[in-house]
Structure formats: structure tokens, C-alpha cells
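Undergrad: Provided below for reference: sequence and predicted model.
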Amino acid sequence: MKLSKLVLSVAVLAAATLTTGAWAQAKEQFFPLLSYRTGPYAPNGVPWANGKQDYLKLINARDGGINGVKLTYEECETGYATDRGVECYERLKSRPGVAVFDPQATGITFALTEKAPADKVALLTLGYGLSIAQDGMAFKWNFALMGSYWTAADILIQHLGKKEGGLDKLKGKKIALVYHDSPFGKEPMPLLEERQKMHGFELIKIPVTAPGVEQKSAWLQVRQQRPDYVLLWGWGVMNSTALKEAQATGYPREKMYGVWWAGAEPDVKDVGEGAKGYNALALNTSGQEPKVIQEILKHVHGKGQGTGPKDEVGSVLYTRGVIIQMLSIEAVRRAQERFGKGKVMTGEQVRWGLENLALDQKRLDALGFTGIMRPLSTSCADHMGSTAARVQTWDGKKWSFVSDFIEADEQIIKPMVKAASEKYLSDKKMTRRSPADCQS
């Protein structure tokens, strides 16, 4: 009799433990964090990764998660390598409560684009990845939020045209693209080639072998070609090396314009005065003044829970990491509004949330992002939500904005996106989404 009671007690305890464990597991939304803290891209990858982690910690510490759902995460080191990125994805994609993947590299994004639909998990590629992914009717699971390499290239050409007194004044000019010889570096080429046809400038393509520590031959070509402008499509050590080579070659930094991944502190701080006058696009502001950054300093770093050094908080790439994680979390919050507050969202539900973001200025202010970024609104057809950026210039000590927000010309870009996405779907034997699918 005693044995029967003991067995019954153990069974009840085990059931209670399983129930409690299942409930706890069910109340956790998991965020896989692909990162690269090692290798030649680490100086840029580290603050980006730290910003994402610190924002997750902020939401847990200050808010208790999303409507009571705790946020968990696991970081996986890719070293910026595509094969390692795919391995990380495969290992983490089946974790309970997985929300969304930020591949953190264009090459990895290309490799995962065909996997995501089958796995029903969205890819968030803010300011990078597959440019044609802004077409949500063709790419249901890709979200190129806040811009692509086509919008970036278009904004730069518009800015150069304005400097010259009009886009027609670009005729006969030489514009060199010094690019990372990878999918990332090649991505802006279709847009630049289209603008070349329209305005009659000469586009000179100069590849730099990854990771970009050796650029002597590239800058020899720059010296020989003497372009009127250089567009720098670099990442990591390639950017600071390019600026040093430009200085050594005597190419004016004032005539150099980088993509927004070539416009952060690690790109210029070691070059200092030698980078003075260099220009780059900016998707977001930097600094510790914004409310959300102050909140992170208070609730995360103030409690000794910061992921990296305190003085890094608010830097350009750290802030971009914060933005990326905020958008991921707001997608979960938006999904909860439809599918149930306080519930863990599935990958499909989070995808719907990403497709229905409505971050107006009032909402950004409430989140503490006043001045950091522009309002963003997505739809079934529009998986980008915002296409504007500013130009900033390095004065030897800090970045300063030298332009207002410039909107990419969608009259040029949208037909290109439509044509390229149709070709992609045809090659993959896929079809466009139906209007009815937009409700799913």
C-alpha cells in the first residue's frame, strides 16, 4: 500500500514537473543570434551583436518580456562564413519558440533564402541581403527592412548628381565601385548599371579580394583611372584599409562615398585625420542621448548585465543592432495582437507581424527611438517599409550629417525589382503569391 502511494506520488510529481516545464517552455520566445566575434570582420560584427543582445536584455529586465512572454536567445559564431552560417541556422531553426533569423551576412542570406519557406521562418535583413526581396509578393519570407543595396546605390547617385548641379551633369564622369568581391559587393551593380545608361557616366568596377587587407592593385587602378568619385562597398577591415590606401595614393577622401556598412566608428577611428572628409551613408544616428540608449545604460549596463563595454553603447553599429532587435520584437508584439497576447508566436505568425509593421513617429517615440530612425510601415507587397538614408562625413573625430534624408527613386527601382523577381521565380519554378495569401 505504501509502495502504491509512493509510486502515485512520484507520478503526480513527475506530471507536475512536466507541466511546469512545458508551461515555462511555452512562455519563451527564442531569438537565434548569428554573429561573428572572430576573424577580420569582428571589429564591425561585435558591436552589432552586442546591440541585439542588450535590447533583448532590456525588454526582459524592464518589461518582463513581451506581454509576459520571456525572451531567450543563443548566439552562434559564423565568422562571416556562409557554410558556418548555414550550420548555425540548421542547428537553431528547430528550437521551441524560434522567432526570426537575422543572418548578418549577404552570402548567408542568399544560402538561406530557399530554406526559409520550407522551414517557415522569416529572414530579417536590415539594409543588406537580396535587394529584390523588397517584393513581398515574390519573397514571402524575406524582409529587407529599411533599405537594400539598390536603394543605397540609388541614393548615392542622386547625391552625387546634386553635388554636380543635376543628374545630367554626371555625363562623362567616371565613378569607380571599389567593392568586396562577394555577393555583398556585387549586389549594387544592376542599379548602378541602370543609372549609368540613364545619365551617361562611366562605371568602373574594381574588386577587392576578401577580407580586403591587400588592396594595392585596386588602388593602383584608381590612380590610373582617376575617377571623379569612388563608391566604397566594403565591410570590416576592408574599409579602414581602403582609406589608408586612398591616403597613400593621394586620392581625395572627399570624393569617396561608402555604403552604410562602411560608415561606422571601426572604419575610420584607426585612420583618424587620414579619413577626414570621407563620406558614407547612414541608416541611423549614433550617440548615447536617445531614450532607448539611456534605458539600456540604466537597466542593462547599470546592473552589470551589459554584453560589451559601456562606451560602445550608442555607436553606429551597436545602435543598428538595437534597431534590428527592436523590429524583431515589434513583429512578435504585432503578431500577438492578432494571434493572442501573452502567447508564444510561431515562425509563421512572426512573419505576419513583420509584414504588418506600422511604426509611425508616435510609436517610435514611445519606444524611445526618437531621431534614431525614420517611421517604417510594411505590407504584403512591401517588405522594406522605408527607403531613405542620409549622407554623413567624417571630420577626423566624429560623423556629421551633410544631407537631409534622400528617398530612393522607386520609379526606377520597382520595375527592376519586379523584372528580377519574376526571373527568380521562373528560374526556381515558383509562382507569385495571390492576394488571398496576404491574409495568411
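TA: Arrived safely, thanks for sending. Residues are numbered from 1 along each chain as shown.

Undergrad: And the nearest residue to V121 once chain neighbours are set aside, how close does it get to R333?
TA: Distances taken as C-beta to C-beta, 6 or more residues apart in numbering place G347 nearest to V121, at 4.0 Å, with adjacent residues excluded. Just so you know, the C-beta spots here come from the backbone N, C-alpha and C atoms, and that holds for glycine as well. To R333, G347 is 16 Å away according to C-beta to C-beta, to the nearest Å.

Undergrad: and the residue nearest to V121, what is it in contact with?
TA: Counting by C-beta atoms under 8 Å, 6 or more residues apart in numbering, G347 touches V98, A99, V100, D119, K120, V121, A122.

Undergrad: Sort out for me which of these are in helices.
TA: Among these, the ones falling in helices (DSSP state H) are D119.

Undergrad: Can you lay out the contacts of G347 as a markdown table showing neighbour count, pLDDT and distance to G250?
TA: What follows is the contacts of G347, written out as a markdown table (neighbours: other C-beta atoms under 10 Å; pLDDT from 0 to 100; distance: C-beta to C-beta, whole Å):
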| residue | neighbour count | pLDDT | distance to G250 |
| --- | --- | --- | --- |
| V98 | 21 | 97 | 51 |
| A99 | 30 | 96 | 49 |
| V100 | 26 | 98 | 46 |
| D119 | 16 | 97 | 51 |
| K120 | 16 | 97 | 54 |
| V121 | 24 | 97 | 49 |
| A122 | 27 | 98 | 47 |
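
Undergrad: centroid residue for the chain?
TA: In the chain, the C-alpha nearest the mean C-alpha coordinate belongs to L126, at 2.8 Å (C-alpha atoms, centre = their mean).

Undergrad: Kindly provide the distance from D437 to Q196.
TA: Taking C-beta to C-beta, one finds D437 at 37 Å from Q196.

Undergrad: Please say which of those two ends up with more neighbours.
TA: Taking neighbours as other C-beta atoms under 10 Å, D437 and Q196 compare with Q196 leading, 16 against 11.

Undergrad: Only the C-alpha atoms, please, for stretch 40-58, written as CSV.
TA: Provided in CSV are the C-alpha atoms of stretch 40-58 (Å, rounded to 0.1, in the frame of the first residue of the first chain):
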residue,chain,number,x,y,z
PRO,A,40,38.7,40.1,-39.9
TYR,A,41,35.0,41.3,-39.6
ALA,A,42,34.9,41.1,-35.8
PRO,A,43,35.5,44.9,-35.2
ASN,A,44,32.2,45.5,-37.0
GLY,A,45,30.4,42.3,-36.1
VAL,A,46,30.9,42.7,-32.3
PRO,A,47,29.1,46.0,-31.7
TRP,A,48,26.3,44.9,-34.0
ALA,A,49,25.8,41.6,-32.0
ASN,A,50,26.1,43.4,-28.6
GLY,A,51,23.4,45.8,-29.5
LYS,A,52,21.0,43.0,-30.4
GLN,A,53,21.7,41.2,-27.1
ASP,A,54,21.4,44.3,-25.0
TYR,A,55,18.0,45.1,-26.4
LEU,A,56,16.7,41.6,-25.6
LYS,A,57,18.1,42.1,-22.1
LEU,A,58,16.4,45.4,-21.8
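
Undergrad: still on that earlier bit, mind pulling up the pLDDT for the residue nearest to V121?
TA: Predicted confidence (pLDDT) for G347: 97.

Undergrad: Just after the helix or strand where F30 lies, pick out the following helix or strand.
TA: Assessed by DSSP states H and E, F30 sits inside strand 28-35. Sequence-wise, the next helix or strand downstream of strand 28-35 (DSSP H and E) is helix 42-63.
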